[in-house]
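# give me a 3D structure for the following:
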Amino acid sequence: MMKAGYVVMVIVGTLLAVSGIGLLAAGVAAATVAAQQGRDGFLTTPSGSFSVASYAITSPNLTTESNSGTGTRAQAGSGGTPSGLATVMLEATSARGTGVFIGIAPRTEVDRYLASVAHSELTSVNSAPFRTEYREVPGSRRPARPGSQTWWTVAASGPGTQRLVWPVVSGDWAVIVMNADATQGVDVNARAGVRSGLFVPAAVALLLGGGLLLVAGVLLVVCGALGLGRRDSAQGPDGHGGPVGATGTVGATGTVGATGGGTETRGTGPGGIDEAARVKTT
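Predicted structure coming up:
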């Protein structure tokens, strides 16, 4: 094989090995997330304090879309969450010891319910340090008790800690947190969680794929390096193949003298052996 071929093997093997390491790292992360979903199966956030002076805390738009022809996907341009891939858990406890209400409903129903009602839309949550930001929506009307409404997709209401679990489905949704009696000034400690059955198979696929790429890459690097080593050892120090040859110069030095009836020529031939040649003259 040409030297370039071995070099390509080393380069490709290195790329495969690096890709394999990346997939293995992602697989370990997915396995860690799956293991941290806890006894109840949810990966949860720390509890945080949410406090506003208005009648309700609402979420930004949560838009999901399920396309039966091509599978489930998030709605383009909406920043939505894919439908059918996860289950969401919400927990809230009133910091004032009163009843609390949590509900998820279609966005149009929530907008209609809160029309002309002062409420606060959650726009940002920072975890370190914990800080929330809201968009205040003005209003002058007091809403009806949220528990009396029948259009909630899922809801939980009452004293103490309230919890709801919602499998994400297609639609345009809103989350709302209020006092159960619809009074002004919401002050709760809340946390959220998510559960997905994709973490375990994703971890297995990433670990297997990463392992295969890493092994293939290492084998290519080793074979390429061995090939380059054999090719270099087969060449001489001057870069040419074959054994080092011996070169020599044959020189001739001699004297011509007359002895009797002939002329004798002596010289030194190849191998350093003295030779004599007699030339018969007439």
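# could I get the full set of strands for the stretch 101-250 of the chain?
119-127, 130-137, 154-158, 161-167, 171-179, 186-195 (DSSP state E, counting those that start in this stretch).
# tell me which of those lies nearest to Ala86.
For Ala86, the closest of the strands of the stretch 101-250 of the chain is strand 186-195, at 5.3 Å, according to C-beta to C-beta. Every C-beta, even on glycine, is put in place using the N, C-alpha and C of the backbone.
# and the closest one, how far from the chain's centre?
28 Å (C-alpha atoms, centre = their mean, to the nearest Å).
# now stretch 195-214
Offset of stretch 195-214 from its chain centre (C-alpha atoms, centre = their mean): 11 Å.
# of all the strands of the stretch 101-250 of the chain, which gets the most neighbours per residue?
strand 171-179 (a mean of 22; mean count of other C-beta atoms under 10 Å).
# and the angle for that one with strand 119-127?
Comparing the axes of strand 171-179 and strand 119-127 via axes from the mean of the first three to the mean of the last three C-alpha atoms, to 10 degrees yields an angle of 90 degrees.
# show the average pLDDT along strand 171-179.
Averaged across strand 171-179, the pLDDT comes to 93.
# and that strand, what does it pack against?
Contacts defined by 3 or more C-beta pairs under 8 Å, 6 or more residues apart in numbering; DSSP states H and E place strand 171-179 against strand 56-58, strand 62-67, strand 87-94, strand 100-106, helix 107-113, strand 186-195.
# paired strands for the longest one, with orientation please.
Taking DSSP bridges as the criterion, strand 186-195 pairs within the sheet with strand 43-44 (antiparallel), strand 48-52 (antiparallel), strand 87-94 (antiparallel).
# how about Ser157, what does it touch?
Gly99, Val100, Phe101, Ile102, Gly103, Pro146, Gly147, Ala180 (C-beta atoms under 8 Å, 6 or more residues apart in numbering).
# swap in 7 Å and give it another go.
Gly99, Phe101, Gly147, Ala180 (C-beta atoms under 7 Å, 6 or more residues apart in numbering).
# show me the shaky parts of the stretch 51-200 of the chain.
Residue ranges of the stretch 51-200 of the chain with pLDDT under 70: 65-84.
# count of residues packed around the residue nearest to Trp151 when sequence neighbours are not counted?
With sequence-adjacent residues excluded and distances taken as C-beta to C-beta, 6 or more residues apart in numbering, Trp151 is closest to Glu109, at 4.7 Å. Other residues within reach of Glu109, judged by other C-beta atoms under 10 Å, total 18.
# just Leu220 next, same as before
With other C-beta under 10 Å as criterion, Leu220 counts 21.
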